[in-house]
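Q: model this:
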Amino acid sequence: MALNDITRSAVLLAVEEYDHRGRDAFLEKYGFGPARTYVLVIDGKEYDSKAIVGAAHGHLPGLDPLESGEFSGGRNHAAKLLGDLGFEVITRDAT
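A: Numbering: from 1, shown residues only. Next up is the predicted model:
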């Protein structure tokens, strides 16, 4: 498992699936909770960043989605990866 393997196109496929399934069904399918701090923003729409990254890994050839416990969603992990791929990631107050 390597977060660095995840590509921009795999993230976009995960976002497409998220939009198709809806948030609740997407999070349930992949076993993630709602984002607490870092949120991916595409075209003004917010996505649960860690769940998107986990699902994106499964959109890579021959790889499975990552489970929540396999990686961190923090600023040095999933959020950083998304930013490095050119996506907008915002920080919101954890409530």
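Q: tell me the pLDDT at residue 92?
A: Each residue has a pLDDT score; the one for residue 92 is 85.
Q: Could you do residue 1 as well?
A: Residue 1 carries a pLDDT value of 57.
Q: Find the residue ranges of this protein scoring beneath the pLDDT cut-off.
A: Counting by pLDDT under 70, the chain has low-confidence residues at 1, 94-95.
Q: Now with 80, please.
A: Low-confidence regions of the chain, defined by pLDDT under 80, span residues 1-2, 93-95.
Q: Longest helix in it, please.
A: As assigned by DSSP state H, the longest helix anywhere in the chain is helix 8-21.
Q: what residues does whatever helix or strand comes next after it touch?
A: Next in sequence after helix 8-21, counting helices and strands by DSSP states H and E, comes helix 23-30. Counting by C-beta atoms under 8 Å, 6 or more residues apart in numbering, helix 23-30 makes contact with 17-18, 21, 33-34, 48, 51, 54-55, 65, 67-68, all of which sit outside it. Just so you know, the C-beta spots here come from the backbone N, C-alpha and C atoms, and that holds for glycine as well.
Q: element containing the residue lying closest to residue 5 once chain neighbours are set aside?
A: Distances taken as C-beta to C-beta, 6 or more residues apart in numbering put residue 60 closest to residue 5, at 6.1 Å, once the chain neighbours are dropped. If you go by DSSP H and E, residue 60 is not part of any helix or strand.
Q: which residues of this structure fall in strands?
A: 38-42, 45-48, 88-91 (DSSP state E).
Q: Would you mind finding the most buried of these?
A: Highest mean neighbour count of the strands of the chain: strand 38-42, a mean of 20 (counted as mean count of other C-beta atoms under 10 Å).
Q: what packs against it?
A: Secondary-structure packing of strand 38-42 (3 or more C-beta pairs under 8 Å, 6 or more residues apart in numbering; DSSP states H and E): helix 8-21, strand 45-48, helix 49-58, helix 78-84, strand 88-91.
Q: Deepest-packed of the ones you listed, please.
A: Mean neighbour count, computed with mean count of other C-beta under 10 Å, is highest for helix 49-58 among the helices and strands packed on strand 38-42, reaching a mean of 26.
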